[in-house]
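Student: below are the sequence and a predicted model; questions follow.
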Amino acid sequence: MKIHFIAIGGSAMHNIALALKAKGHTITGSDDAIFEPSHSRLAAAEILPPQLGWYPDRIHADLDAVIVGMHAKKDNPELDAAQKLGIKCYSYPEFLFEQSKAKTRVVIAGSHGKTTITAMVLHVLNYHDQAVDYMVGAQLKGFDHMVHLTETNDFILMEGDEYLSSPLDLTPKFLWYQPHVTLISGIAWDHINVFPTEASYQDQFALYLDTIVPGGTVVYNQEDAVLTRLVAATQNTIRKQPYTLPDHYIEDGVTYLPTDEGDLPLAVFGKHNLMNLAGAQWICQLMGIDAIEFYEAIASFSGADKRLEKMATGETAYLFKDFAHAPSKVQATSQAVTAQFSTHRVIGCLELHTYSSLTPAFLPQFKHTLDALEEAIVFYDPEALKIKGRRAIDPEAIRTAFDHPNMIVFDRPEDLHAYLLQKKYHQSVLLMMSSGNYGGLDWSALAQLIERS
């Protein structure tokens, strides 16, 4: 096939383009901005657009399909040209479904934990040399590309996102996949720019449950009351498999999992990671991996990139980086680090970076989410507010929203950087939580400071 990508530089988009090129298709694409690692990967595969921008002359009648990324706009000139020529235009989840119709589709969904659970399952399958197709939205350790498509593999494992599919397709991505097996990790209101009420957000998961192939299986977090209610209410004829927090204990900063083969030390920690592990075990079992094989493999799983990633270790100090930005994940991550390092002072720095977190009406959702921390730092960059078209936020409104007794709020990157780089971190853990970059923080300097502590 000859396939053109509009907005080829996106995380998922460029990985799909690379996978289809590897499968033998002819790939072209356009974008108005392409960053690393997408740029280097597309260049290496010889499908990097020759110039940035949108060029309608790249659209021609010989194309079999056009795939449109969410970064494109409705009035994109290439999209307009494709529609005038009658070329089939897909969102990427719609196209992935077309590519996987003959496979057993396994989808990992939920407001949080999708990437980690998917990474756990792939780690276990790779450990036991079980080949599968896959699509993951974020970069995982040990993988060059995050989409793999073949004609031969029986299973395809996909991360199921509830965000919109494309400018032309306002369907949440996961409603396209029609899974045979799915896991839902939990439901916590997110994407306030698309789902303005908590009820409207929850409705997407109710719809998702109805897309499971009849006779299929939903593995779900039984400790999530909203999710449990939705699973109980669905009229779809599916099997329902709950999971809960597994037995575990912490000793000398290491989490252990009791098993029939003995106590298993884990390289990851925290309630949310243990919940993710319990769900991943069920998915692996449904894909042919028994308990002993799962435990043998999961012991060497060290986590997904940017998910409680250890950035530096000193004699008495640690630096962790986590992707946490939604209130439920911020709270879970803070509690996990505090529980794991009970003899240390835990300092947490949260950057308000997403559309939701920069919305004053959403800020009360963060109330008490940082209570586990001895010291809480909240940072937001006025430039991020401008980019997202938001008004300035009063620092006092942030303090009131979080209601933490020992909180500092920064709205100037240079002030945050100076504060972090002059602190003493003896017997401390510094936890950095964000999907942004803290206004250009010097990670190397911060890591060196921790390593000397």
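Tutor: In hand now; what should we look at?

Student: where does the stretch 201-350 of the chain dip in pLDDT?
Tutor: For the stretch 201-350 of the chain, the stretches flagged by pLDDT under 70 are 305-306.

Student: A138: neighbour count?
Tutor: Number of residues near A138 (other Cβ atoms under 10 Å) recorded here: 18. In short, each C-beta sits where N, CA and C put it, glycine included.

Student: for it, phi and psi?
Tutor: Phi and psi for A138, reported as degrees, to the nearest 10, are phi -120, psi 160.

Student: give me phi/psi at the residue with the largest distance to the centre of the chain?
Tutor: Each residue of the chain has a distance to the centre, and by Cα atoms, centre = their mean the biggest one is for A61: 36.6 Å. Backbone dihedrals for A61, given as degrees, to the nearest 10, come out at phi -60, psi -20.

Student: which residues touch it?
Tutor: Contacts for A61 (Cβ atoms under 8 Å, 6 or more residues apart in numbering) come out as 85, 87.

Student: again, only using 7 Å
Tutor: L85 (Cβ atoms under 7 Å, 6 or more residues apart in numbering).

Student: just L430 next, same as before
Tutor: Per Cβ under 7 Å, 6+ apart, neighbours of L430: 319, 347, 450.

Student: could I get the pLDDT score of the residue farthest from the centre of the chain?
Tutor: Per-residue pLDDT puts A61 at 96.

Student: for the protein, which residue occupies the most central location?
Tutor: T115 (4.7 Å).

Student: where do the helices of this structure begin and end?
Tutor: 11-22, 38-44, 77-85, 92-99, 114-127, 198-211, 225-233, 271-286, 291-298, 327-340, 382-387, 395-402, 413-422, 443-451 (DSSP state H).

Student: need the ones you listed in JSON lines (columns: distance to Q51).
Tutor: Shown next, in JSON lines, are the helices of the chain (distance: least, Cβ to Cβ, whole Å):
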{"stretch": "helix 11-22", "distance to Q51": "17"}
{"stretch": "helix 38-44", "distance to Q51": "13"}
{"stretch": "helix 77-85", "distance to Q51": "13"}
{"stretch": "helix 92-99", "distance to Q51": "23"}
{"stretch": "helix 114-127", "distance to Q51": "33"}
{"stretch": "helix 198-211", "distance to Q51": "38"}
{"stretch": "helix 225-233", "distance to Q51": "46"}
{"stretch": "helix 271-286", "distance to Q51": "42"}
{"stretch": "helix 291-298", "distance to Q51": "45"}
{"stretch": "helix 327-340", "distance to Q51": "39"}
{"stretch": "helix 382-387", "distance to Q51": "24"}
{"stretch": "helix 395-402", "distance to Q51": "42"}
{"stretch": "helix 413-422", "distance to Q51": "33"}
{"stretch": "helix 443-451", "distance to Q51": "33"}
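
Student: neighbour-wise, which of the contacts of L430 leads?
Tutor: In terms of neighbours by other Cβ under 10 Å, these top out with L319 at 23 neighbours.

Student: that residue contacts V337, doesn't it?
Tutor: No. L319 is beyond contact range of V337, at 11.1 Å (criterion: Cβ atoms under 7 Å).

Student: what's the separation between the closest residue to I250 other than its chain neighbours and L352?
Tutor: The shortest distance from I250 to any non-neighbouring residue, by Cβ to Cβ, 6 or more residues apart in numbering, is to Q340 (6.3 Å). Distance from Q340 to L352, counting by Cβ to Cβ, to the nearest Å: 25 Å.

Student: more neighbours: the two, which one.
Tutor: L352 (25 against 20).

Student: quick one: contacts for the more buried one?
Tutor: 358, 378, 380.

Student: any idea which of those residues is closest to K424?
Tutor: Checking the contacts of L352 against K424 by Cβ to Cβ gives V378 as the nearest, at 20.8 Å.

Student: what's the spacing between the closest one and D203?
Tutor: From V378 to D203 the distance is 31 Å (Cβ to Cβ).

Student: check R105 too.
Tutor: R105 sits 22 Å away from D203, taking Cβ to Cβ as the criterion.

Student: over to A418?
Tutor: 45 Å.

Student: pLDDT at the spatially closest residue to K74 that is not a sequence neighbour, what is it?
Tutor: Nearest residue to K74 in three dimensions, chain neighbours excluded: P167, at 4.6 Å (Cβ to Cβ, 6+ apart). P167 carries a pLDDT value of 90.

Student: cool, and L170?
Tutor: On pLDDT, L170 comes in at 91.

Student: report the separation between it and E162.
Tutor: Distance of L170 to E162, given as Cβ to Cβ: 12 Å.

Student: these two: who's more crowded?
Tutor: Higher neighbour count among L170 and E162: E162, with 22 against 10, using other Cβ under 10 Å.

Student: got the contact list for the more buried one?
Tutor: 172-174, 204.

Student: which one (most neighbours) among these?
Tutor: Among these, the one with the most neighbours (other Cβ under 10 Å) is F174, at 28 neighbours.

Student: okay, that residue and L430: tell me how far apart.
Tutor: 35 Å.

Student: can you give me the end-to-end span of stretch 259-270?
Tutor: One end of stretch 259-270 to the other measures 18 Å (Cα to Cα, to the nearest Å).
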